[in-house]
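Engineer: the amino acid sequence is not available; the structure is as follows:
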């Protein structure tokens with residue numbers, strides 16, 4: 001009976017110690033939970049401009065973030081998407097348009113932000129500049145009176161304005177930057193609107209191409225031309241020997 005009482009006292013003491021420790025643990029102030037706020041924002045949108053009262057996309061506009069020395073490029077439809085942070089400045093640039101800046105607000109709580117950036121055209125009109133080969137009217141008068149008006153000058157002018165000469169100059173003259181950019185954009189637009197992102201068709205599946213092939217085959221267009229059609233055989237050679245039947 002005495003041993004049972006001592007065991008009961010030990011159990012009660014152990015329970016008191018556990019309760020005391022639990023109470024102290026509950027009284028320890030716990031710091032408030034801190035939520036790590038992400039500063040990364042998926043910034044997307046479209047770059048447009050006004051074209052005779054209609055909003056049209058600005059293809060291949062450039063985006064640049066000076067703080068992190070990074071950027072992105074919009075596609076042909078003017079759509080862009082880039083990761084930014086709160087308070088960063090995004091520079092929008094495009095050839096032929098004025099530069100624009102946009103600062104990401106610090107009060108954004110969402111992880112995605114979209115906008116429509118309107119670009120205005122940057123057209124510069126230069127004053128007319130007329131270039132003359134003479135410095136003043138007196139020099140022009142002297143040169144005009146001393147000008148050679150022989151037929152040789154007329155012949156030279158006609159040679160310079162001949163169609164063959166102009167065609168040769170046209171072939172040798174390279175495209176400038178504006179023409180090259182226009183050709184590239186027109187090719188991109190043709191591939192996008194004509195194929196619509198699909199693989200370009202091949203003539204092997206074109207029934208009209210097969211019809212033309214069989215028609216050319218039946219007409220003999222694929223036959224090899226006779227290489228000896230223009231060949232003239234040499235005349236037969238003759239010998240001075242005669243045949244004598246008596247000698248045989």
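Structural biologist: Nice, thanks for sending it over. Here the structure is a predicted model, which is why all the values come from computation and not from measurement. Residues are numbered from 1 along each chain as shown.

Engineer: low-confidence ranges, the protein, go.
Structural biologist: Counting by pLDDT under 70, the chain contains low-confidence residues at 1-38, 194-201, 224-248.

Engineer: just the helices from it, written as ranges.
Structural biologist: With helices called from DSSP state H, the chain shows them at 2-27, 137-145, 151-160, 163-172, 177-195, 207-218.

Engineer: which ones are touching the most centrally placed residue in the chain?
Structural biologist: Taking C-alpha atoms, centre = their mean, the centroid of the chain lies closest to residue 60, which sits 6.6 Å from it. Residues in contact with residue 60 (C-beta atoms under 8 Å, 6 or more residues apart in numbering) are 73, 74, 75, 76, 94. Just so you know, the C-beta spots here come from the backbone N, C-alpha and C atoms, and that holds for glycine as well.

Engineer: of those residues, which is the most crowded?
Structural biologist: residue 74 (23 neighbours; other C-beta atoms under 10 Å).

Engineer: show me which of the contacts of residue 60 is closest to residue 186.
Structural biologist: The shortest separation between residue 186 and any of these is 11.3 Å, and it belongs to residue 76 (by C-beta to C-beta).

Engineer: next one: phi and psi at the closest one?
Structural biologist: Its backbone dihedrals place residue 76 at phi -70, psi -30, with angles given as degrees, to the nearest 10.

Engineer: would you check that it makes contact with residue 59?
Structural biologist: Yes - Residue 76 sits in contact with residue 59 when judged by C-beta atoms under 8 Å, with a separation of 4.5 Å.

Engineer: what do the two both touch?
Structural biologist: Between them, residue 76 and residue 59 share the contacting residues 185, 188, judged by C-beta under 8 Å, 6+ apart.

Engineer: what residues go with each domain of the chain?
Structural biologist: For the chain, the structural domains run 40-119, 126-197, going by automatic domain parsing.

Engineer: deepest of those domains, which one?
Structural biologist: Greatest average neighbour count among these goes to domain 40-119 (a mean of 15), per mean count of other C-beta atoms under 10 Å.

Engineer: span of it from start to end?
Structural biologist: 26 Å (C-alpha to C-alpha, to the nearest Å).

Engineer: swap in stretch 48-60?
Structural biologist: With C-alpha to C-alpha as the measure, stretch 48-60 spans 11 Å from end to end.

Engineer: any idea what residue 51 is bridged to?
Structural biologist: Residues found in beta-bridge contact with residue 51 (criterion: DSSP bridges) are residue 54.

Engineer: can you tell me what sits against stretch 89-97?
Structural biologist: Outside stretch 89-97, the residues that touch it by C-beta under 8 Å, 6+ apart are 43, 47, 49, 58, 60-67, 82, 84, 99-104, 117, 119-123, 181.
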